[in-house]
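>>> sequence and predicted structure below; questions after.
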Amino acid sequence: MVNKILLVFLVQDFLFLASGGLLIGVVFITKAAMASAPTMDNVAANMLLIQTPLSGVIAAGIMTFVTFLISLPGAALSSNRIWFKITGAMIALTALLTLVIGVDIWFSTLQTRSNLGVTWVKQSQLSQSLLQQKFKCCGYLNNPFVQDNVCTSAFQAAQLGNCVGPFSNFANGFLDLVFTAIFGLAGADLALFLSVIVVLKDRAEKERYRHIDEKNGFSGI
C-alpha cells in the first residue's frame, strides 16, 4: 500500500530540488548576461542584479541539492527517523538563508535612489547612454549626462530631466518581483519542513503501535 504521507513529501522534495536548480540556473544566466556587452534591453536589469547577493543565492541552491540527497535515505528506509530529522534541520537552514536573501533585497528597495546613484557612477559611458536612451532622461542627480542621440545638448538634458525618477520606478518594480519570488521559495521550504514533521509524526506513531503489538504478542502477525 502506498504511503500517501510519504508520497506528498516526495513530490514536495522534488519541487524543492527543482527550486535549487532554478536558483543556480538564474545566477549563471545573470552572470553570463553581465559578462556580455550591455544592450538597451539588459543594461538596467544587470545593474540591479549585480547589487543582489548572488553568492548567497548560489549557497542556497547548493544547500538545496545537499538537503535533497540527505532526504533520500530517510525516504527509502521506512522506519528510519534520524535521516528525516537531519533533513528537517537542513531545510530550516536553507529556508532561513533564502529568507535572509529576500529581506536583504527588500531592504535595498528602501534605499533605491542612493544605491542607484553609487552604481550609476561605476558604469561605463556606454551603459549610462543606454540607460538614458531606455528611460528618455539625462544623467543621474548630480552626475553629468552622457551626450548621445537622446541627450544631445545641455538644453535637451534640462528639458528631459535626470534619470532618478524613471530608473528608480523601474528598479522598485523589478526588485519587488525578485524578492517576492525569493519569499515564495522560502514559503515552499516551510511547506516541505512541515511535511517532514508530518512524516516524522507518522513514523513515530507506527513505531509506538509496533511496540504495543510486540508487548501484546502480535509481532508475528
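That came through, no problem. What you see is a predicted model, and the numbers here were worked out from it, not measured in a lab. Residues are numbered from 1 along each chain as shown.

>>> what about the protein, any weak spots by pLDDT?
In the predicted model of the chain, residues 1-2, 209-214, 217-221 satisfy pLDDT under 70.

>>> can you pull out the helices in it?
4-35, 43-49, 54-76, 82-109, 112-122, 125-135, 154-160, 164-215 (DSSP state H).

>>> so which residue is dead centre in the chain?
For the chain, Ile182 is the residue whose C-alpha lies nearest the centre (Cα atoms, centre = their mean; 3.8 Å).

>>> does that one really touch Ile105, like I thought?
Yes. Between Ile182 and Ile105 there is a contact under Cβ atoms under 8 Å: 6.5 Å. Just so you know, the C-beta spots here come from the backbone N, C-alpha and C atoms, and that holds for glycine as well.

>>> hang on, the earlier thing: quick one, which of the helices of the chain gets closest to Asp148.
helix 125-135 (4.4 Å; Cβ to Cβ).

>>> what's that closest one in contact with?
For helix 125-135, contacts defined as Cβ atoms under 8 Å, 6 or more residues apart in numbering pick out 38-40, 43-44, 47, 120, 123, 138-140, 145-146, 148-151, 163, 166-167, 170.

>>> same question for stretch 188-200.
Under Cβ under 8 Å, 6+ apart, the answer for stretch 188-200 is 5-6, 8-9, 12-13, 15-16, 19, 81, 84-85, 87-88, 91-92, 94-95, 98.

>>> which among those count as buried?
By neighbour count, with 16 or more other Cβ atoms under 10 Å, those hold 6, 9, 12-13, 16, 19, 81, 84, 87-88, 91-92, 94-95, 98 as buried.

>>> for Leu97, see how far away the residue lying closest to Ile101 once chain neighbours are set aside is.
Nearest non-adjacent residue to Ile101, counting by Cβ to Cβ, 6 or more residues apart in numbering: Gly56, 4.9 Å away. The gap separating Gly56 from Leu97 is 7 Å, by Cβ to Cβ, to the nearest Å.

>>> and the residue lying closest to Ile58 once chain neighbours are set aside, how many residues sit next to it?
In this structure, Ile58 finds its nearest non-sequential neighbour in Val27, 5.4 Å apart by Cβ to Cβ, 6+ apart. Using other Cβ atoms under 10 Å, the number of residues around Val27 comes to 19.

>>> hang on, Val27 packs against Ala59?
No. Counting by Cβ under 8 Å, Val27 does not reach Ala59; the two are 10.2 Å apart.

>>> quick check: neighbours shared by those two?
The contact lists of Val27 and Ala59 share no entry, where a contact means Cβ under 8 Å, 6+ apart.

>>> coming back round to it: what sits against the residue nearest to Ile58?
With Cβ under 8 Å, 6+ apart, Val27 has these contacts: Leu54, Val57, Ile58, Gly61.

>>> residues touching stretch 155-162, excluding its own?
Residues outside stretch 155-162 that contact it (Cβ under 8 Å, 6+ apart) are Lys136, Cys137, Cys138, Gly139, Tyr140, Leu141, Phe145, Val150, Cys151.
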